[in-house]
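Asker: Sequence first, predicted model second:
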Amino acid sequence: MVRIIDYKQRQTENGRAFFVLEISAGIEMVKSSTNQFYATSKKAFIASTFDEQTCKALIGTEMPGNVVKKECQAYEYVVKETGELVTLTHRFVYEPEESISNKEDKAIQRLLANENSFSKNGHHKEEFVM
């Protein structure tokens, strides 16, 4: 599950304003380079067609899915706290949760793809190897 925790106003290349929803995947514990654990959470932004009032009302809403790390083309990022310029090759993005029926469909497709799973003559024949 992810939770909408905030929203931000952004602009398209042609100057039109729109809002993005900031989502969080919840708390996770990470071990630092000094072997100490700290709490953090993966966050991502989702573009929306909502107005500001709707975005504000959606804060706290939970949705099925997760925030996952996806590889992307390299880009530069400035760390706000230190001003350091770093090059990143990943982004965190929202990934909707697959429905149970969709998972079942994929399992059936995998089974059907293996033609050796079924009898070819309509009769079950056990083979014994000696």
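Answerer: Structure's in. What do you need?

Asker: Endpoint to endpoint, stretch 25-34 covers what distance?
Answerer: Stretch 25-34 stretches 25 Å from its first residue to its last (CA to CA, to the nearest Å).

Asker: Quick check: mean pLDDT of that stretch?
Answerer: Across stretch 25-34, the average pLDDT comes to 90.

Asker: now it: how far from the chain's centre is it?
Answerer: Centroid separation for stretch 25-34 versus its chain: 18 Å, with CA atoms, centre = their mean, to the nearest Å.

Asker: Show me which residues of it are buried.
Answerer: Within stretch 25-34, the residues that count as buried by 16 or more other CB atoms under 10 Å are residue 25. C-betas here are computed from N, CA, C, even on glycine.

Asker: The residue nearest to the spatial centre of the chain sits in which helix or strand?
Answerer: For the chain, residue 95 is the residue whose C-alpha lies nearest the centre (CA atoms, centre = their mean; 2.9 Å). Assessed by DSSP states H and E, residue 95 sits inside strand 85-96.

Asker: So what touches that strand?
Answerer: By CB atoms under 8 Å, 6 or more residues apart in numbering, the surrounding residues in contact with strand 85-96 are 2, 23, 42-44, 46, 63-79.

Asker: Grab the nearest non-local neighbour of residue 25.
Answerer: residue 67 (3.9 Å; CB to CB, 6 or more residues apart in numbering).
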